[in-house]
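Asker: Only the shape, not the letters, is given here:
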């Protein structure tokens, strides 16, 4: 899993802008209430309630942000970022509540023929000042919300924008009321209610989408395209993504060839994660793999995959094609002290699995042999034994015309017998089969000539290249 945490400077910026918004909301609410009580304007009173609501909502936002920045813990493995969305949902409910009250009061006053409004220069100044403050706070909040992907700050920015336009409506209503149109003030209040309701609806949609783990439109397709562009990914079988504050949690399941080595599968997962983080730096990515059979698998690929899935060590796999069916044989390694009955049962199970995996009508047989010890303790043989083996090895090497430059001869005495290692050279164009035939003859003849030689390991190098280092 990979995740890019929010830097401390962004956390500080979020907290700072929320604190300033809290102060601005308190200032606007108190001045508008004072102006509304003096003037008797419903539109201004609606704005005062709206600003009071914004103050409460901003306070909720301020504390929600501080809580949301807490790191993930045992009980909250995905962190606490959804607290911001919960705060935004509370604000949405408040917005709808105040909208209902404003509409009710405005309709009552319109039915009564309007209401006289006392207007003075300082009341107009309060409204104009609130417009200026709303404009500045909205820009600051939206800028920080975009940078930090904060739902709560985006909600606050929306509130201040709604305040700005509704204050403009109130200002127009005050002007018309001053000109003698008594209906203008409640009409302005209805305009304010419209702005508030529209803001609440948009905010509610976004907040519910986040709380219900709805992925942004097109995100799943984008993530699939990124993953499928990585070499080794056959397809994407599952995509799950959800935003939580600034973090995008991504879970992908990719299909890969089942014959790939484990290390290669790990590399593919790492590359998919890197590519997603390149386009979505704040993502927390978890990639899982689904090994699948591919159309161009050979019979050998299938056999090795089946053996791996059975935790069986096999080698010397031979596949013959007859007129009637395939014939498969292989060597199965088991611990040397395993009872024959147990080893035979393991071999039989593996044979049946291979037969089923290759289509059923397949001849399968195994040769059971003891697995070499994982760790042998070796020591230098006596000088006499060493001299004897080197002399015999050099004599055998001279008989093979294709072999040259015998070097790096090492001899170890182990509990499994004498182990002889040597390096030699062949012409670069010599087929591997021919090389194997030569070193195999030397091994057999050396083991016949010198008793207690348990194994001979030959390392062949092409002529013209530097000697292989030990």
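Answerer: The structure has been received and is ready for your questions. All figures in this text were calculated on a predicted structure; none of them were measured in a lab.
Asker: In which helix or strand does the closest residue to residue 449 other than its chain neighbours reside?
Answerer: Nearest residue to residue 449, sequence neighbours excluded (C-beta to C-beta, 6 or more residues apart in numbering): residue 392, at 5.0 Å. Quick note: C-beta positions are derived from backbone N, CA and C, even for glycine. With elements taken from DSSP states H and E, the one containing residue 392 is helix 383-398.
Asker: gap between the most centrally placed residue in the chain and residue 250?
Answerer: For the chain, residue 285 is the residue whose C-alpha lies nearest the centre (C-alpha atoms, centre = their mean; 1.2 Å). Distance of residue 285 to residue 250, given as C-beta to C-beta, to the nearest Å: 5 Å.
Asker: do residue 240 as well
Answerer: 7 Å.
Asker: Tell me which of the two has more neighbours.
Answerer: More crowded of residue 240 and residue 250, by other C-beta atoms under 10 Å: residue 250, with 26 against 14.
Asker: now the strands for this protein?
Answerer: Taking DSSP state E to define them, one finds strands in the chain at 235-244, 247-257, 283-292, 313-321, 326-334, 362-370, 404-414, 417-426, 453-462.
Asker: mean pLDDT for these: which is lowest?
Answerer: Of all these, the minimum mean pLDDT falls on strand 235-244 (a mean of 82).
Asker: Check which helices and strands it is in contact with.
Answerer: Counting contacts by 3 or more C-beta pairs under 8 Å, 6 or more residues apart in numbering; DSSP states H and E, strand 235-244 is packed against helix 219-228, strand 247-257.
Asker: Turn the ones you listed into CSV, columns for distance to residue 466.
Answerer: As requested, the helices and strands packed on strand 235-244 are arranged in CSV below (distance: least, C-beta to C-beta, whole Å):
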stretch, distance to residue 466
helix 219-228, 43
strand 247-257, 36
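Asker: hey, which of those is tucked in deepest?
Answerer: Among these, the stretch with the highest mean neighbour count (mean count of other C-beta atoms under 10 Å) is strand 247-257, at a mean of 21.
Asker: Just give me the neighbour total for residue 468.
Answerer: Applying other C-beta under 10 Å, we find 12 residues neighbouring residue 468.
Asker: Please apply the same query to residue 175.
Answerer: Residue 175 has 14 neighbours, counted by other C-beta under 10 Å.
Asker: Tell me the spacing between the nearest residue to it once chain neighbours are set aside and residue 173.
Answerer: Closest residue in space to residue 175, ignoring its immediate chain neighbours: residue 184 at 7.8 Å, by C-beta to C-beta, 6+ apart. Residue 184 sits 5 Å away from residue 173, taking C-beta to C-beta as the criterion.
Asker: So for these two, which sits in the more crowded spot?
Answerer: residue 173 (28 against 22).
Asker: shouldn't the more buried one be in contact with residue 183?
Answerer: No. Shown here, residue 173 and residue 183 do not form a contact pair, counting by C-beta atoms under 8 Å, at 9.3 Å.
Asker: and this protein, what are its domains?
Answerer: For the chain, automatic domain parsing gives the domain ranges 8-211, 219-292, 299-370, 383-462.
Asker: For those, which has the smallest mean pLDDT value?
Answerer: domain 8-211 (a mean of 68).
Asker: any idea of the angle the helix holding residue 392 forms with strand 404-414?
Answerer: Put simply, helix 383-398 runs at 150 degrees to strand 404-414, going by axes from the mean of the first three to the mean of the last three C-alpha atoms, to 10 degrees.
Asker: Might you quantify the distance of helix 383-398 from its chain's geometric centre?
Answerer: The gap between where helix 383-398 is centred and where its chain is centred comes out at 59 Å by C-alpha atoms, centre = their mean, to the nearest Å.
Asker: what comes up buried for that helix?
Answerer: 385-386, 389, 392-393, 396-397 (16 or more other C-beta atoms under 10 Å).
Asker: which one among these gets closest to residue 361?
Answerer: The shortest gap between residue 361 and any of the buried residues of helix 383-398 belongs to residue 396, at 45.9 Å (C-beta to C-beta).
Asker: Excluding chain neighbours, what is closest to the closest one?
Answerer: Nearest residue to residue 396, sequence neighbours excluded (C-beta to C-beta, 6+ apart): residue 442, at 4.9 Å.
Asker: Surely that neighbour touches residue 453?
Answerer: No. Assessed by C-beta under 8 Å, residue 442 is found out of contact with residue 453, at 11.2 Å.
Asker: Pick out whichever of the two has more residues nearby.
Answerer: Using other C-beta under 10 Å as the criterion, residue 442 and residue 453 rank with residue 442 on top: 23 against 19.
Asker: And the helix holding residue 392, what does it pack against?
Answerer: Secondary-structure packing of helix 383-398 (3+ C-beta pairs under 8 Å, 6+ apart): strand 404-414, strand 417-426, helix 432-449.
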